[in-house]
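S.K.: Curious how this folds, go ahead:
(one chain, ligands or ions: 1)
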Amino acid sequence: MSAVQAPPIQRGRSQDGYAIGGPHVQGLQTTVAHCPRAHSPRRGAVVAHRPPPPPPSSALTCSVLVLNRLYMAVHVVNVRRAFGLLCCEMAEVVHLEDGKFGTFSFDSWREMSELRAEEKQPEDDWIRSVNFEVQVPRVVRLLRYDRLPRQKLHLNRRNVLARDGHVCQYCGRRFATQLLSIDHVVPRSRGGETTWENVVCACLTCNVKKGGRTPKEAHMKLIHRPVRPKRNPLLLLKLNNPKYASWRTWLAGAHWEVGGKDSG
Ligand SMILES: [Zn+2]
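M.R.: Residues are numbered from 1 along each chain as shown. Predicted structure coming up:
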């Protein structure tokens with residue numbers, strides 16, 4: 001819609017966002033574009049300025065867990081998207097502190113942030129707008145969405161690397177993303193398929209060494225048998241970060257199994 005005045009609210013699949021669920025949640029992306037509050041430069045100051053805000057800060061790269069109205073995890077979005085939902089009053093902040101959680105509207109979260117700004121914690125992230133500073137929420141809850149989308153886990157490079165914790169499954173060493181490749185355990189030239197059970201993360205050296213052979217032929221042993229993950233492997237990486245410790249509360253229910261020993 002050309003009338004939308006909130007460029008920072010990204011439509012469609014955001015770079016950082018990934019669906020815990022499926023296509024139902026994607027529909028939310030379009031709703032925000034019609035948010036009346038996004039047209040108010042004063043109330044929507046965090047996301048509704050034109051030209052778009054400046055200086056990217058590390059806080060903007062954070063992720064925010066989205067719950068549905070029934071407090072079930074359905075999505076992960078980036079910070080801009082989360083503030084878009086808050087400004088449009090489509091969501092509220094769910095904040096966990098000392099084992100108890102409270103919910104906050106965008107305005108009350110701003111007030112809360114003013115108080116908390118006195119004692120910032122190392123794991124907290126903050127975003128500064130023209131007039132105020134606000135803490136980045138870790139969890140938001142949709143106020144009107146109560147469905148639970150079907151989980152859909154895509155087999156792609158990012159998810160395979162996340163599943164294997166960026167560790168080469170042959171030499172056991174951890175590498176940066178650009179130094180890793182996807183290896184077909186049984187090579188495609190030998191009929192190997194692209195499935196969770198037949199692809200692993202491998203460093204370039206190991207991949208070249210193995211070539212078009214099976215591990216047995218190449219005398220290389222897999223450190224883990226590849227399997228289809230039970231949950232989104234990207235979430236596991238987040239859960240190993242102390243910043244996102246509060247996510248465990250919402251991912252430990254029947255819908256999500258959260259273990260503690262996965263690599264990441
Ligand atoms: Zn290797």
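S.K.: So what pairs up with the residue nearest to residue 168 when sequence neighbours are not counted in the strands?
M.R.: Leaving aside its chain neighbours, residue 168 sits nearest to residue 203 (4.0 Å; criterion: C-beta to C-beta, 6 or more residues apart in numbering). Just so you know, the C-beta spots here come from the backbone N, C-alpha and C atoms, and that holds for glycine as well. Note on residue 203: beta-bridge partners by DSSP bridges are residue 180.
S.K.: Surely residue 203 touches residue 177?
M.R.: No - assessed by C-beta atoms under 8 Å, residue 203 is found out of contact with residue 177, at 11.4 Å.
S.K.: Residue 218 and the ion, how far apart?
M.R.: Distance, residue 218 to the ion, by C-beta to the ion, to the nearest Å: 12 Å.
S.K.: Neighbours of the closest residue to that residue other than its chain neighbours, how many?
M.R.: Excluding its sequence neighbours, the residue lying closest to residue 218 (C-beta to C-beta, 6+ apart) is residue 210, at 4.6 Å. If you count neighbours by other C-beta atoms under 10 Å, residue 210 ends up with 20.
S.K.: Give me the pLDDT for residue 210.
M.R.: You'll see residue 210 listed with a pLDDT of 96.
S.K.: just to revisit the earlier point, pull the contacting residues for the residue nearest to residue 168.
M.R.: Contacts of residue 203 were listed using C-beta atoms under 8 Å, 6 or more residues apart in numbering, and they are 168, 170, 171, 173, 175, 179, 180, 181.
S.K.: filter those residues down to the ones close to the ion.
M.R.: Residues of these in contact with the ion (C-beta under 5 Å from the ion): 168, 170, 171.
S.K.: Which of those residues fall within strands?
M.R.: Residues of the ones next to the ion among the contacts of residue 203 located in strands (DSSP state E): none.
S.K.: Between those residues, which sits nearest residue 154?
M.R.: Checking the ones next to the ion among the contacts of residue 203 against residue 154 by C-beta to C-beta gives residue 168 as the nearest, at 22.0 Å.
S.K.: and that closest one, what pLDDT?
M.R.: On the pLDDT scale, residue 168 is placed at 97.
S.K.: contacting residues for it?
M.R.: Per C-beta under 8 Å, 6+ apart, neighbours of residue 168: 174, 175, 180, 201, 202, 203, 206.
S.K.: re the thing from before, does the residue nearest to residue 218 touch residue 184 like I think?
M.R.: No - with contact defined as C-beta under 8 Å, residue 210 does not count as touching residue 184 (9.7 Å).
S.K.: Mutual contacts of the two, please.
M.R.: Common neighbours of residue 210 and residue 184 are not found (criterion: C-beta under 8 Å, 6+ apart).
S.K.: taking the mean pLDDT, what do you get for the longest helix anywhere in the chain?
M.R.: Longest helix in the chain by number of residues (criterion: DSSP state H): helix 106-116. On average, the pLDDT along helix 106-116 is 91.
S.K.: mind listing what's buried in that helix?
M.R.: Across helix 106-116, burial judged by 16 or more other C-beta atoms under 10 Å covers 106, 109, 110, 112, 113, 116.
S.K.: Phi, psi for residue 72 please.
M.R.: Dihedral angles of residue 72 (phi, psi; degrees, to the nearest 10) stand at phi -110, psi 130.
S.K.: again with the one 10 residues further on
M.R.: According to degrees, to the nearest 10, the main-chain angles of residue 82 amount to phi -60, psi -40.
S.K.: do residue 120 as well
M.R.: Dihedral pair for residue 120: phi -70, psi 140, per degrees, to the nearest 10.
S.K.: Spatially nearest residue to it, not counting backbone neighbours?
M.R.: Per C-beta to C-beta, 6+ apart, closest to residue 120 is residue 126, 6.9 Å.
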